[in-house]
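S.K.: Fold the following.
(chains A and B, ligands or ions: 2)
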Amino acid sequence: MSAAPVLERPAVEPHLDSDPDKRADVRPTGKRLGPGRRRRFAWLLGPVALLALWTLTSATGILDPRILSEPWTVVATAGELIADGRLQENLAISAQRAGLGLFFGILVGAVLALLAGLSRVGEALIDGPVQIKRAIPGLALIPLLILWFGIDETVKVLTITLGVFVPIYLQTHAGLRGIDLRYVELAQTVGLGRAAFIRKVVLPGALPGFFLGLRFAVTGAWVSLVVVEQINATSGIGYMMELARTYGQTNIIVLGLAVYGILGLLSDGIVRFIERKALSWQRTLAG
Amino acid sequence: MAAHPGGMTAVAPSAVAPRAGTAASGTVSVRNLIRSFGPKSVLNGVDLDIAPGEFVALLGPSGCGKSTLLRALAGLDHDVRGSGVITVPERVSVVFQDSRLLPWDTVLGNVTLGLREHDAGSRARKALAEVGLAGRESSWPHELSGGERQRVALARSLVREPQLLLADEPFGALDALTRIRMHGLLQDLVAAHRPAVLLVTHDVDEAIALADRIVVLDSGRVARIRTVSPDIDSAADAAGHEALRRDLLADLGVVGTTH
Ligand SMILES: Nc1ncnc2c1ncn2[C@@H]1O[C@H](COP(=O)(O)OP(=O)(O)OP(=O)(O)O)[C@@H](O)[C@H]1O
Ligand SMILES: [Mg+2]
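M.R.: Ligands and ions are numbered 1, 2, ... in the order given. Now for the predicted structure:
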C-alpha cells in the first residue's frame, strides 16, 4: 500500500457550506409579535429580582426589621427551626394535607366535568350545584364543616378538596365543551366506540383546560391550607405562624410566608413542566 | 341493518322501513332523498346509484346541496330533517376538505384511529408509505404541509379498505401543482383498492380527470349525468374532452368558456 505512488492533487478549497457558523445569514427581519423563544430558568428572574429588592432595602435600612424581618434573619430562623426539627415536621403535615386535598379535589373535579360534559342529564344535575358552590367562599363553609366533622384532619382535607375541585371542574368542563365538533364527526366516520371516543378525542381535547384548572387548583390548595391551619389546627406551617403571631415573632411569620411562596412557585413550576410535556402537540405563544 | 345511528328527525312518508341500510353487495343507492334546514329545502328528491368500484364526481354550483348529500351518505346528518332511502356498503370512509387530523395524535396515531385489528400499526405504516409519507409516522400534524396532511387523511381512509370513499372537495385547499399530484395519487390508490368513490368538487377538470361518471346537482336535484369515456380520460380524444368540458360548464350555468 505504501508503495503506491501518491497522486498529488491541489487541495480543494473547503466548501463554504462546511462550517454552518461561517455561512452568510442575511435575512429580512419582520416585526415579531410573539414573545420569542422560551429560555430556561427565565421564570426565576421575577422572584430573584424580588428577593434582591428585599435584601437591598433591608441592608440599607429603608425597610424597618420590625415591619419585615431581614432576609438573613429569616434564613437564620429557618436554620434554627430545621435544627430542632420543627420546620420539617410542620412542613410535612402541611404538605400531606395539601396533597390529599389536591388529590381528592382533582379526582372529584375531573369526574364531575366528564359526567357533565358527556351527558345532558349529567350537565343538568351537576353544573348548577357546582356554580352555587363556586359562589360560596371556602372560608364561609368552615364553621359548618367544623360542626359536622370536628377539628380533625378530615375538615382540613375537605376544605382544600372543596377549594380545588371547582377550578378543575370549570376548566375541564369548558375544555370538553370546546372540543371541535368536526373531531366528533371524524370519530363517528372512523367508527370509534364510546370508550375509544373518550380516550382518543374527549380526554386529549379537554387536557389543555384541565391543566389550566390544575394551575388554579394547586395555588388554591395552598391558599385553603393557610386558612384552615390558621383557624383550626395544632400543627402545620399555618399553625406555626399563628403561634408566632401570639409571641410577636415576625421572623417566623415571614419564614412561614416565604415557605408558602416557595411551595406555591415550586408546585406551579412542576405543573407547568408536566403541562409542557403532555401538551407538546400544541403550538402556542407559551412555546 | 341500519348503518347510520338514528337521530334523524323523521318526517318519513308512511311505511319506508329502513331509511339507511347496508348493502352487502357494496352498491350505493339513494332514493328520493329530501333534506331541509328549517324552512329551506336543500335536497328535493335526489336519486343516485353508484356501482362497486365506480368513480362518481358530484358537480354543482355553490350551495346546491353537494355537501348535504355527502353528509347524508356518511350518516353525519342526525339532526337534519328529511326523508328518503339510503343504502351504503358496510365500510365507508370519508375524506374532508380539511384534513381533520387530531392535533394531539401523531401521524401514525391518526391513521390507526379506530382500527381494532392487531396489525393496525403495520397496515397504517403501509398506507403511509403508499401516500409517500414513510418515515413521518411520529410527526405531529402541525409539522406537516397542507398537502402532506391531506395525504395522511387519504391514508387514514384507505387503511380501512372502504367499499365506498366519500370525499368532499378533498383537494380544495391545495395549490394547483399539489392538486395535480394528488389526482395521480388518488387514481393510483383507487386502482389499487377499488372502492366506489363519490367525489364532491368545484373543478370541472378534476371531475373529468378522475371520474367515470359526473353527476351535476342543481336546485336539490340531479340535473344531469354525464359519462366520461376512457378515451376522454386518457386524453386520446382531445375534441371529446373539450366538448365535455364545455357541456359541463354549460350545465353549471357558466358561459364563455375560455380557460
Ligand atoms: N347546518 C346548516 N344549517 C342551515 N343551513 C345549512 C346548513 N348546512 C347547509 N345549509 C344550507 O344548505 C345549502 C346547501 O349546503 P351545502 O353545504 O350542501 O352546499 P354545497 O353544495 O356543498 O356548497 P359548496 O360547494 O359551497 O360547498 C346551503 O344553502 C346552506 O346554506
Ligand atoms: Mg360543500
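
S.K.: thinking B:L164 is in contact with B:E90, fair?
M.R.: No. Taking contacts as Cβ atoms under 8 Å, B:L164 lies outside contact range of B:E90: 9.1 Å. All C-beta spots, glycine's among them, are computed from the backbone N, C-alpha and C.

S.K.: and for these two, which residues touch both?
M.R.: Common neighbours of B:L164 and B:E90 (criterion: Cβ atoms under 8 Å, 6 or more residues apart in numbering or on different chains): B:G26.

S.K.: Which one of the two is surrounded by more residues?
M.R.: With neighbours defined as other Cβ atoms under 10 Å in any protein chain shown, B:L164 and B:E90 compare such that B:L164 has more, 24 against 12.

S.K.: ok, the more buried one - contacts?
M.R.: B:L164 sits in contact with B:26, B:28, B:50, B:73, B:88-89, B:91-93, B:195-198, where contact means Cβ under 8 Å, 6+ apart.

S.K.: Near ligand 1, which residues of the stretch 1-150 of chain B are found?
M.R.: Taking Cβ under 6 Å from any ligand atom as the contact definition, the stretch 1-150 of chain B meets ligand 1 at B:F37, B:V42, B:G60, B:S62, B:G63, B:C64, B:G65, B:K66, B:S67, B:T68.

S.K.: which SS state does the fourth one fall under?
M.R.: The three-state assignment at B:S62 reads coil, by DSSP: H, G, I helix; E, B strand; the rest coil.

S.K.: mind listing what it touches?
M.R.: Going by Cβ under 8 Å, 6+ apart, B:S62 touches B:H202.

S.K.: now the last one
M.R.: Taking Cβ under 8 Å, 6+ apart as the contact definition, B:T68 lies against B:R35, B:V42, B:L43, B:D77, B:V80.

S.K.: Buried ones among the residues of the stretch 1-150 of chain B next to ligand 1?
M.R.: B:V42, B:G60, B:C64, B:G65, B:K66, B:S67, B:T68 (16 or more other Cβ atoms under 10 Å in any protein chain shown).

S.K.: Quick one: the helices in the stretch 101-250 of chain B, in order.
M.R.: For the stretch 101-250 of chain B, the helices defined by DSSP state H, counting those that start in this stretch occupy B:107-112, B:120-130, B:146-158, B:176-193, B:204-210, B:230-233, B:238-251.

S.K.: Which among these is found nearest to chain A?
M.R.: helix B:146-158 (7.3 Å; Cβ to the nearest Cβ).

S.K.: is any part of the closest one close to chain A?
M.R.: Yes. Using Cβ under 8 Å from any Cβ of the partner chain, helix B:146-158 reaches chain A at B:R156.

S.K.: pLDDT of that helix, averaged?
M.R.: Taken as a whole, helix B:146-158 has an average pLDDT of 93.

S.K.: Equivalent analysis for stretch A:145-158, please.
M.R.: Rounded mean pLDDT across stretch A:145-158 is 87.

S.K.: Which residues of the stretch 101-250 of chain A lie near chain B?
M.R.: For the stretch 101-250 of chain A, the residues in contact with chain B (Cβ under 8 Å from any Cβ) are A:182-183, A:185-192, A:196, A:200-201, A:204-205, A:207.

S.K.: so what's B:L210 up against?
M.R.: B:F55, B:A57, B:H183, B:L186, B:Q187, B:V197, B:L199.

S.K.: so the last one makes contact with B:V56?
M.R.: By that I understand B:L199. Yes. Under the criterion of Cβ under 8 Å, B:L199 makes contact with B:V56 at 7.2 Å.

S.K.: what comes into contact with stretch A:64-76?
M.R.: With Cβ under 8 Å, 6+ apart as the criterion, stretch A:64-76 contacts A:L51, A:W54, A:T55, A:S58, A:A59, A:L63, A:T77, A:T250, A:N251, A:V254, A:L255, A:A258.

S.K.: Let's see which of those end up in helices.
M.R.: In this view, these that belong to helices under DSSP state H are A:L51, A:W54, A:T55, A:S58, A:A59, A:T77, A:T250, A:N251, A:V254, A:L255, A:A258.

S.K.: The residue of the stretch 101-250 of chain A at minimum distance from chain B: what's its closest spatial neighbour, skipping adjacent residues?
M.R.: Among the residues of the stretch 101-250 of chain A, A:V190 lies closest to chain B, at 3.5 Å counting by Cβ to the nearest Cβ. Using Cβ to Cβ, 6 or more residues apart in numbering or on different chains and skipping residues adjacent in sequence, the residue nearest A:V190 is B:G114, 3.5 Å away.

S.K.: re earlier: please check the ones in helices among the contacts of stretch A:64-76 and keep the buried ones.
M.R.: Neighbour counting by 16+ other Cβ under 10 Å classes A:W54, A:S58, A:T77, A:T250, A:N251, A:V254, A:L255, A:A258 among the ones in helices among the contacts of stretch A:64-76 as buried.
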